[in-house]
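Visitor: Fold the following for me, if possible:
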Amino acid sequence: MIHSVAEQPSGSIKLLGGVGVVGGLLLIAAFLPAIPWTPDLFNLRLVAFNAGGIAIAIAMYRRHSVTAPRRALVATVPAVLANAWYMILIIRAVARDGQVGAGDYDPSFNTAGVALWFADAWLGFAILRLGHVWRPAALALGIGSILTLGGASGFLGLMEGEMAWIVGPLALGGIALNGIGWIALGLQLVLGIPVPVPGVRARRWARRAGGGALLLGALAALLGGVGRFATLNGPSATARNQVRAAIEDVAGATGRRYNAVDDRRHEMGGAKIMAAPTLGEFVAVYGDFDDPTAMWEVHLATSSDLLTWTWRVRLAKGGSQPTIRPATDGGYVVAWEQEPPNHLKFAWYPTWDDLLNGTPGKTFEPPMTLSTCAEGTPSLYAASSTALDVGFHFYDNCEVDRQARGTTDWTSWNASPQPILEGMVRAHDVRGGVGDRDGFTFEGHAFTMLEGQAVLGDWTTFRVYLADNEAGLAERLDMRTDAGSTAFTNPTVAQIEFGGRPAIVVSMFVPMEGARGNEVGGLIYYRILGSTAGG
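Guide: Predicted structure coming up:
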């Protein structure tokens, strides 16, 4: 039998309920595109959401503590602790870095997020069984929290790979249900509206429904954890770990050079390096700013030791961020960012001599289709004299760099954003630009190294990430230089032979905002594979 109970809430209960309503409203407000979610507003929204959850949980404990004190304690304490944990992480991140996720990404956010959604789900189903609540509100909180659990991508990995198309919408729907649950529970507390007291059958139903939903959530977490483990330890894992070891330990590289320049003092930051047709030689293309003309220029140099470079030719004026790739049908393709305005340009050189003389057989400058401000930093996935497959970034809304990919037959041009590749980096809470990248193959597996800026406009937060294209994830590289520099941009990587042995050569730019010692500028280093001794 079910009875209806009316009550007159105290002032403190009304206040707690009001805080819950505000938290729920701000959670749902994220779905309104008209609201300009600046970092400060976004952080305030998260804090208010957690405060609302804590307030509702405390109010529910006070409501049920008289009739069922132990069960009320078990129902509400996890939600209070989990919401407080997540809120403390937010406040700490803002106090330290000025923004959630700034600087080095804190993986504890993922763990705290999983605990948060499980605790909120537990609260929803527990108070459903205890009664004195609107059943739809408690169900919305419980079910919504379980659905949102799938969005904890960094922990479960469900937002990456083949399941993202279904998990993403379900997680967003769960957030909406969660917010509705907090709002409804808060309004009930504020208004003191009569609510049903469940009979034996209703309590039994609520217990079974809550237990079943939590079991499904636990199963989803288990499957997500297993899937995450399988992803991290799949066929490409060994190759990925080898690449990481070769790239991260700059101080232990076989050979390295900071502040790299050619013999004419042109800076070589972010140089793209590959083997030259001359046995034992290598070629690099790079951009340097010419002070007398106040223009960027694209240069080419050669080397036999990867550390000292002899300038050979200037390939372009007003160009920067170049890359090079042998054409599959002969010759070489060079791509760069040409200005003004910042746009892509490609050149095909039929022979090695043509390249050294800077005389292309054909050039092509595609139209800007994704941004009116800038499209540049190209990388070449495939190249011939008849077709190109190009990675690049575009300056979205003239505010932030985003990933794109384009194809051309040297006459027409087709380009589109690349949200999957970009999303691998943004999963690390990167909110600034995701710009330069370089794709390569190692041990038969495809990888991409990218730069990402955690905080837009803050050069100290530039980091490099290794994307495993096969596993569908990216890992932030823990770069270790001799002096301890922290920021890196414009990464390039290539597998080569050096002295008859397989090696990996890497180039980056170390901005002064993150440089230590004398490490600012171009960085070039290589490692003989299988070698652990530095040199």
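
Visitor: Now for residue 409: which residues touch it?
Guide: Residues counted as contacts of residue 409 (CB atoms under 8 Å, 6 or more residues apart in numbering) are 386-387. Placement of C-beta: from N, CA and C, glycine included.

Visitor: at 10 Å what do you get?
Guide: By CB atoms under 10 Å, 6 or more residues apart in numbering, the residues touching residue 409 are 364, 384, 386-388.

Visitor: how about the residues you listed, which pair is most distant?
Guide: Across the contacts of residue 409, the longest distance by CB to CB is 12.7 Å; it joins 364 and 384.

Visitor: quick one on the thing from earlier: quick check on the contacts of residue 409: which are buried?
Guide: The neighbour-count test (16 or more other CB atoms under 10 Å) marks 364, 384, 388 as buried among the contacts of residue 409.

Visitor: Among those residues, find me the one that's closest to residue 21.
Guide: Among those, residue 388 lies closest to residue 21 (CB to CB), at 55.5 Å.

Visitor: Can you tell me how far that closest one is from residue 503?
Guide: For residue 388, the distance to residue 503 (CB to CB, to the nearest Å) stands at 27 Å.

Visitor: my read: residue 115 touches residue 86, true?
Guide: Yes. Under the criterion of CB atoms under 10 Å, residue 115 makes contact with residue 86 at 7.9 Å.

Visitor: helices and strands around the helix or strand containing residue 123, which ones?
Guide: If you go by DSSP states H and E, residue 123 is part of helix 108-130. Using 3 or more CB pairs under 10 Å, 6 or more residues apart in numbering; DSSP states H and E as the contact test, the elements touching helix 108-130 are helix 39-64, helix 69-97, helix 135-149, helix 153-156, helix 164-191, helix 200-232.

Visitor: Tell me what angle it forms with helix 39-64.
Guide: On the basis of axes from the mean of the first three to the mean of the last three CA atoms, to 10 degrees, helix 108-130 is oriented at 30 degrees to helix 39-64.

Visitor: Show me the common contact partners of residue 364 and residue 384, please.
Guide: Contact with both residue 364 and residue 384 is made by residues 348, 409-410, according to CB under 10 Å, 6+ apart.

Visitor: between those residues, which is nearest residue 518?
Guide: Among those, residue 348 lies closest to residue 518 (CB to CB), at 38.6 Å.

Visitor: Output the helix or strand that closest one falls within as PDB - backbone C-alpha positions only.
Guide: Residue 348 belongs to strand 343-349 when assigned by DSSP H and E. C-alpha atoms of strand 343-349 as PDB (Å, rounded to 0.1, in the frame of the first residue of the first chain):
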ATOM      1  CA  HIS A 343      47.600  29.000 -47.300                       C
ATOM      2  CA  LEU A 344      48.900  25.700 -48.600                       C
ATOM      3  CA  LYS A 345      51.300  25.400 -51.500                       C
ATOM      4  CA  PHE A 346      52.700  22.300 -53.200                       C
ATOM      5  CA  ALA A 347      55.700  21.800 -55.600                       C
ATOM      6  CA  TRP A 348      56.800  18.700 -57.500                       C
ATOM      7  CA  TYR A 349      60.500  18.500 -58.400                       C
END
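
Visitor: sorry, back to before: check the helices and strands packed on helix 108-130 for me: which has the lowest mean pLDDT.
Guide: Lowest mean pLDDT of those: helix 153-156, a mean of 46.

Visitor: what residues are up against the nearest residue to residue 259 once chain neighbours are set aside?
Guide: Distances taken as CB to CB, 6 or more residues apart in numbering put residue 521 closest to residue 259, at 4.2 Å, once the chain neighbours are dropped. Going by CB under 10 Å, 6+ apart, residue 521 touches 258-261, 267-269, 509-512, 515.

Visitor: Next: residue 342.
Guide: 318, 320-321, 368, 371, 373-377, 394-395.
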